[in-house]
Each structure stands twice: as C-alpha cells, then as structure tokens.
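Trainee: got a predicted structure plus its sequence, pasted below:
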Amino acid sequence: MDEYKKQILEVAKWQVAMIFFIIISFLVLLFLAALPFIGIIAAAFNAYYVYNFSNALKLKHPVVWTILSMLPIIGLVVLVIINQKATKLLRDARLRVGFFGCGKEELERFAQAKVYGKIQ
C-alpha cells in the first residue's frame, strides 16, 4: 500500500473520532459551568485527538492546532476547520463522506481499489 493510500485511510479513521469529539465538545461547553472537571478531561482528550488528526492530515504546526483547539470557543471552531480539511482530502480521493465520515464499506472499497484519488 502506498503512502497516499495509508494517509487517506488514517485520516478517515481520525475523522470519525473527531466528529464524535466535536459533538462531545459542544455538550461540554453547555455543561461546563455545572461540572468544571469535565472541561479538564475533555481538554486532555482534545489535545490527543487534534494532535494525531493534524499529523494524519500533514498540517503544518500540529502543536499550534492542538493549543488553539483547547481554547473554549475557539477550540470548537478549530475542530470544525480541521474536519473540513479532512473532508476535502477524502473527497479528493473520491470517497463519499457523510455526516459521520466515511463508512466501512467505502473504506474497504478504497483500500482494495487499484486506481484512486484525483489525477495528479
């Protein structure tokens, strides 16, 4: 399997996790005043996911993306921006991306395909 295909499959894996994390982050913002310790736990998970996701996307300065994502309101915007970048990359590889990312069947089809992606 070549490097491009590995990157696409890794991005697809992290995108699903990030979509769920975006939903969880939104819920954490709603309940942050009542349960402040949830914010600390969410920030730790956030750092882990954003760093790995930005590395999979090969974004410049993944540490900066990670730090920005831990800021209360800005973090949610950063998560959405990174998710949009992933969606564009996956669609450029001719994958169908739904609300919760690529389906397993779509990823299996892509992994077995001989020809994929946009013409370079």
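Mentor: On my side now, so go ahead.

Trainee: what's the burial count for the residue lying closest to Phe99 once chain neighbours are set aside?
Mentor: Spatial nearest neighbour of Phe99, chain neighbours left out: Ile19 (7.5 Å); criterion: C-beta to C-beta, 6 or more residues apart in numbering. To be clear about C-beta, it is placed using only N, CA and C from the backbone, and glycine gets the same treatment. Counted with other C-beta atoms under 10 Å, the neighbours of Ile19 add up to 18.

Trainee: and the helix or strand containing Ile19, what's its mean pLDDT?
Mentor: If you go by DSSP states H and E, Ile19 is part of helix 3-31. Average pLDDT, helix 3-31: 83.

Trainee: how about the helices in the protein?
Mentor: Remark: helices assigned in the chain by DSSP state H are 3-31, 36-56, 62-69, 72-92, 104-112.

Trainee: so which bits of the last one are buried?
Mentor: Meaning helix 104-112. For helix 104-112, burial by neighbour count (16 or more other C-beta atoms under 10 Å) applies to 106-107, 110.

Trainee: now for the helix holding Ile19, which elements pack on it?
Mentor: When contacts are defined as 3 or more C-beta pairs under 8 Å, 6 or more residues apart in numbering; DSSP states H and E, helix 3-31 sits against helix 36-56, helix 72-92, helix 104-112.

Trainee: so what's the gap between that helix and the chain middle?
Mentor: Its chain's C-alpha centre and that of helix 3-31 lie 3 Å apart, by C-alpha atoms, centre = their mean, to the nearest Å.

Trainee: still on that earlier bit, make TSV out of the buried residues of helix 104-112 and add pLDDT and distance to Leu32.
Mentor: Below are these laid out as TSV (pLDDT from 0 to 100; distance: C-beta to C-beta, whole Å):
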residue	pLDDT	distance to Leu32
Glu106	83	35
Leu107	83	34
Phe110	83	38
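
Trainee: this completes my enquiry, with thanks.
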